[in-house]
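[1] With the input below, show me the fold.
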Amino acid sequence: MKLKLIPAAALCAAMLIQTLPACAITDSDHFALSIRTSEGTVPDDRCFHISAEDAVKGTTLHLGVFVESESSALNRLGVRLRSDSASVTFANPLTATDTISESEITYLLPDGTAFSTKFQPYCFGVLGVDAAYLTDCMECKANLMSDTDLYVYWLYGIGNAKGFLGGKSDLFSFCTFDAVIAPGTKAGTYTIGFLADETEQHPESVYLTSSMWDAGTLAKPDYHRVMPELKDVKIVVDGAAERLKGDVTNDGRINAEDATEVLVYAAMLGTGGAEISESRHADMKQYGDVSGDGVVNANDATGILRYAAAIGTNTPVTWESLFA
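    Numbering: from 1, shown residues only. You can find the predicted model right below:
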């Protein structure tokens, strides 16, 4: 599903319109959770390809979790996502309670109905008086359990199931998040998937509950716990990513471990360096001398820490700028 932004000349100048075409969903008795781009698209093979050039400098994919179903309503939905590598981390999860714009954005549903909101629209919801967007969720939260572990939970209310906004399950995502591919990520295949083993170690896993109404009343709702089909995605880093200056440990990342290795090497040099091999000398000269002054010492270790701090906050940085 491709979302297209169109200026809303008929509305206020600060407002945008997103036109939302109808999209295919699954059979009525089938539930699935699918990771796609935040706009709703996904390659046929469910593999996102990252060029070697992009892997060297690092890049970010904007992804979302989409519900695929024709069920009329759900009560609860929990999502636990896991990356299988520290080179692919999660950031900026957004749910229905998060503001995404200072000015309202207007969305057009396939039936022509429009609504406006500053909040992150998601698959559940109703349009109230004057087409006001209402989430009406009792609880909606996103927690980064770690850099590679994301948990998102939504509860509408026991005995009072919620339908899909616009009558379609995947017009909007359930939540969105960024998948950050670290600078220097090595060539290979990485998986972002659903953690579906609800154990003592992972008590909050993937689940959803639907409510089957009894003669249209709330007297005795029959709740069904459903394990949906889970559609993971893979990130394929093409080619051989170039080893970065500063990556002394050659693990595809620049961090405090590289600075520590530089300090250890400098200390060994200070005692004569007899035990240092020629290959390590060459390696340190090429990747540890980040200042470019021909000497590997504490100055280089400090530079590596400053560089790691900059890329950790997505601040543009070069070695030249650090030692200017």
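[2] Could you tell me which residues within stretch 295-311 count as buried?
    296-297, 299-308, 310-311 (16 or more other CB atoms under 10 Å). Bear in mind the C-beta positions are built from the backbone N, C-alpha and C, glycine included.
[3] Can you give the domain ranges for the protein?
    The record, using automatic domain parsing to delimit domains, assigns the chain the ranges 4-237, 256-322.
[4] distance of T89 from V180?
    5 Å (CB to CB, to the nearest Å).
[5] L171 now?
    Using CB to CB, one gets 27 Å for the distance from L171 to V180.
[6] Which one's more surrounded, those two?
    Set side by side, L171 and V180 give different neighbour counts by other CB atoms under 10 Å, the larger being at L171 (25 against 20).
[7] Surely the more buried one is in contact with G163?
    No - the criterion here is CB atoms under 8 Å, and L171 misses it with G163 at 11.9 Å.
[8] residue ranges for the strands of the stretch 1-150 of the chain, please.
    Using DSSP state E, counting those that start in this stretch, the strands found in the stretch 1-150 of the chain span residues 4-7, 16-19, 32-37, 47-50, 59-68, 76-83, 88-94, 105-108, 114-117, 126-127, 133-134, 139-146, 149-155.
[9] Now tabulate those in a markdown table and tack on mean pLDDT.
    As requested, these are arranged in a markdown table below (pLDDT from 0 to 100):
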| stretch | mean pLDDT |
| --- | --- |
| strand 4-7 | 32 |
| strand 16-19 | 45 |
| strand 32-37 | 92 |
| strand 47-50 | 94 |
| strand 59-68 | 94 |
| strand 76-83 | 87 |
| strand 88-94 | 95 |
| strand 105-108 | 89 |
| strand 114-117 | 89 |
| strand 126-127 | 77 |
| strand 133-134 | 80 |
| strand 139-146 | 88 |
| strand 149-155 | 87 |
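[10] The ones you listed: which one's closest to I254?
    I254 sits nearest to strand 88-94 of all the strands of the stretch 1-150 of the chain, at 14.5 Å, using CB to CB.
[11] what about the helices in the stretch 201-324 of the chain?
    256-270, 278-287, 298-312, 319-322 (DSSP state H, counting those that start in this stretch).
[12] Could I get the buried residue list for the first one?
    Just to be clear, that refers to helix 256-270. For helix 256-270, the neighbour count (16+ other CB under 10 Å) marks 258-259, 261-263, 265-266 as buried.
[13] So for that helix, mean pLDDT?
    For helix 256-270, the mean pLDDT works out to 94.
[14] L230 pairs with what?
    Each beta-bridge partner of L230 is listed here: L33, as defined by DSSP bridges.
[15] what sits against it?
    Each residue near L230 by CB atoms under 8 Å, 6 or more residues apart in numbering is listed here: 32-33, 193-194, 196, 206.
[16] so who does the residue located most distally from the centre of the chain touch?
    Largest separation from the mean C-alpha position in the chain: G272, at 48.2 Å (CA atoms, centre = their mean). Remark: with contacts taken as CB under 8 Å, 6+ apart, G272 is in contact with nothing.
[17] one step back: and the contacts of L230, which is closest to K245?
    Using CB to CB as the measure, the one of those that approaches K245 most closely is G193, at 33.1 Å.
[18] Can you give me the end-to-end span of stretch 238-252?
    Counting by CA to CA, to the nearest Å, the length from the leading to the trailing residue of stretch 238-252 is 14 Å.
[19] Verify the stated contact: D258 with D247.
    Yes - with contact defined as CB under 8 Å, D258 counts as touching D247 (6.2 Å).
[20] How far away from the center of its chain is stretch 117-137?
    Averaged C-alpha coordinates place stretch 117-137 at 23 Å from its chain's average position (CA atoms, centre = their mean, to the nearest Å).
[21] buried sites along it?
    Neighbour counts over stretch 117-137 (16+ other CB under 10 Å) mark 117, 119-125, 133, 135, 137 as buried.
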